[in-house]
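# Provide a 3D model corresponding to the input given below.
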Amino acid sequence: MHIAWDDLQTVEALVRTGSVVGAARELSLRHSSISRRVDALERALGVPLFLRGATLRPTPLGLAIAERAGHMRPHALDVGALIEEQHRARAGRLVITTNEVLASLLFGALRTCGFTQRVQVRISESELALEPGVTDLALRPSHTPGGALRGQQLGRLRLGVFRARAARQDPAAWVLPSGNLRTRSSMRWWKAVPEDAGALVECDTLLGIRDACVAGLGRSVLPALLAEGDPRLVLEEELPGGPPVWLLSAATRRADAALRRARESLSEALRSAPGVWEA
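Prediction:
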């Protein structure tokens, strides 16, 4: 039979303090709440835990339960302190993970959100697991976000073929992605690069590919948010089929209202970023 800790600590407090008044004061409850808990527990057990009279006197079973609950009490207090510490920590911070490409988009949105808590941004190409109180939100490009996640698809990134505006370059030259970039499910746009593309440079990051294009080493496919605002680059051709981008949080049984509001506010700011999303 399962007995809730609230009931166990009520019995323990009654035995230790010796009165309903003392137990109610310690547990911050009404006298009637203490009595209802004890009555309900006795009905569930089918045996009395206290003998009624001028005072409540514990039965042998009541004493045995109180003794064992007393051993549990310090651990329960430790758990309560741990949870309270987590609440205080979360009240003062919001932890968001994203990758290097979407970081500039995230920072621009944060500027308009007006959050009062400190925002910690963790930039990683790995999909960090989301755990409330540790990592709260993730801004990710993904066709199929997996795991126990909930969130919103913000839109699809605009893509284009970009090259240097002023540099003289071979009109057939491309800056190629590395094999690792080609295999990423969120970067299916590399199929727009010709199979027989001539190239002097291959790079393993999008920022590196952009900088190689700026240097006049060739053209490449880039998300518009990385290239369109750069006066050194010019858009040759806009491409369809950009990857979906999601703002995600961990799916928990009880939704965190403050986190939900933060996610909705950030989602609105991200969606309103000009020139980032496909029409």
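
# any idea which helix or strand carries Phe107?
Element membership for Phe107 (DSSP states H and E) is helix 103-113.

# typo on my end, it should be Glu195
Applying DSSP H and E, one finds Glu195 in no helix or strand.

# quickly find the element holding Leu181.
Taking DSSP H and E as the criterion, Leu181 maps to helix 179-182.

# if we can go back for a sec, same question for the helix holding Phe107, mean pLDDT?
Mean pLDDT, computed over helix 103-113, is 92.

# show me what that helix is packed up against.
Applying 3 or more CB pairs under 8 Å, 6 or more residues apart in numbering; DSSP states H and E, one finds that helix 103-113 contacts strand 118-123, helix 224-227, helix 257-271. The way it works is simple: take the backbone N, C-alpha and C, and place the C-beta from them, glycine included.

# deepest in the core, which of those is it.
helix 224-227 (a mean of 22; mean count of other CB atoms under 10 Å).

# list the buried residues of the helix holding Phe107.
By neighbour count on 16 or more other CB atoms under 10 Å, the buried set for helix 103-113 is 104-106, 108-110, 113.

# may I have stretch 7-23 exported as CSV, CA atoms only?
In CSV, the C-alpha atoms belonging to stretch 7-23 read as follows (Å, rounded to 0.1, in the frame of the first residue of the first chain):
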residue,chain,number,x,y,z
ASP,A,7,0.5,11.7,5.7
LEU,A,8,3.6,10.1,7.1
GLN,A,9,5.1,13.5,8.2
THR,A,10,1.7,14.4,9.8
VAL,A,11,1.8,11.3,11.9
GLU,A,12,5.5,11.9,12.8
ALA,A,13,4.8,15.6,13.7
LEU,A,14,1.9,14.6,15.9
VAL,A,15,3.9,12.0,17.8
ARG,A,16,7.0,14.3,18.2
THR,A,17,5.1,17.5,19.2
GLY,A,18,2.5,15.7,21.2
SER,A,19,-0.4,17.8,20.0
VAL,A,20,-2.5,18.8,17.0
VAL,A,21,-1.6,22.4,17.7
GLY,A,22,2.1,21.7,17.6
ALA,A,23,1.8,19.6,14.4
